[in-house]
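Enquirer: sequence below, structure please.
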Amino acid sequence: MKRSKRYSEVAGKVGEAGPFELDDAIRLVKESASAKFDETVEIAYRIGVDPKRSDQQLRGTVVLPHGTGRTVRILVLAKGEKVQEAEEAGADHVGSDDYIKKIQEGWLDADTVIATPDMMKDVGKLGKILGPRGLMPNPKSGTVTFDVGKAVNDARAGKIEYRTDKTANVHVAFGKASFDEDKLKENLVELTREIIRVKPAAAKGQYIRNATISTTMGPGIDLSIQSLTDAVKQ
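Expert: Now for the predicted structure:
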């Protein structure tokens, strides 16, 4: 794959040193963005847990101070008075059996799916469709709730979900390359604060073992864990 001149320049800097202090890493990740679209900025944490053990799995949500920069399309599966509540909160799509049928037929024009608890018996039929896409409503992520208004508002405000994968990594998008450095830093610090907050009691040794940030098309930039955790404590 042919790389841009900017990518090569940043990759050269990354190869010369590292891990980088937080401020330097944020500056470099912005410099690495060279695509014609607004690239997503994400982090990959290597966590010191055993994901095979249920008491060491991480999964939850956090609202980023400055959002993700994405326009989120929200589907709420609900009935009765909750339909109006979801519509008033600004959900893009609201319904029940009609949308379940549409999804079964191939429709899926949504980035977040919220469902009321009384809908889950029917929503469960969509597990093989929504699950692989990370869209299955779940109480732990706040997407199975009767408080649909709050759930919609949280999704609009930049609520994101995190979870460990099978290799104990956590991959999360925390902004866009167009964000200024302070906003990217504040989002990343808040996200890291949450990851530290949910540290399993059974986790042994160093908890955050490695952290790398990158843009969609840019090289990975290793972060100094000490610099990152120091920022969380401030």
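Enquirer: so what touches the longest helix seen in the chain?
Expert: Among all segments of the chain classified by DSSP state H, the helix with the greatest residue count is helix 181-197. The set of residues external to helix 181-197 that reach it, using Cβ atoms under 8 Å, 6 or more residues apart in numbering, is 22-23, 26-27, 29-30, 41, 43, 45, 47, 58, 60, 62, 64-66, 160, 162, 170, 172, 174-175, 179, 207-208, 211, 213, 228-229, 231-232. In this view, the C-beta of every residue, glycine as well, is placed from N, C-alpha and C.
Enquirer: so the next helix or strand after it versus helix 181-197, what angle?
Expert: Toward the C-terminus, helix 181-197 is succeeded by strand 208-215 as the next helix or strand (DSSP states H and E). For strand 208-215 against helix 181-197, the angle by axes from the mean of the first three to the mean of the last three Cα atoms, to 10 degrees is 150 degrees.
Enquirer: please renumber so the chain begins at 9
Expert: Got it, first residue is 9 now, which makes that one strand 216-223.
Enquirer: name the strands paired with strand 216-223 and say parallel or antiparallel.
Expert: For strand 216-223, the paired strands and their directions (DSSP bridges) are strand 48-55 (antiparallel), strand 229-230 (antiparallel).
Enquirer: quick one: closest of those strands to Val80.
Expert: In terms of Cβ to Cβ, the element of the strands paired with strand 216-223 nearest to Val80 is strand 48-55, at 13.3 Å.
Enquirer: ok, and what's touching the next helix or strand after the closest one?
Expert: For strand 48-55, the following helix or strand on the C-terminal side (DSSP H and E) is strand 67-71. Strand 67-71 is contacted from outside by 148-150, 162, 165-172, 198-199, 202, 206, using Cβ under 8 Å, 6+ apart.
Enquirer: who's sitting farthest from the centroid in the protein?
Expert: The C-alpha centroid of the chain is most remote from Gly88, which lies 30.8 Å away (Cα atoms, centre = their mean).
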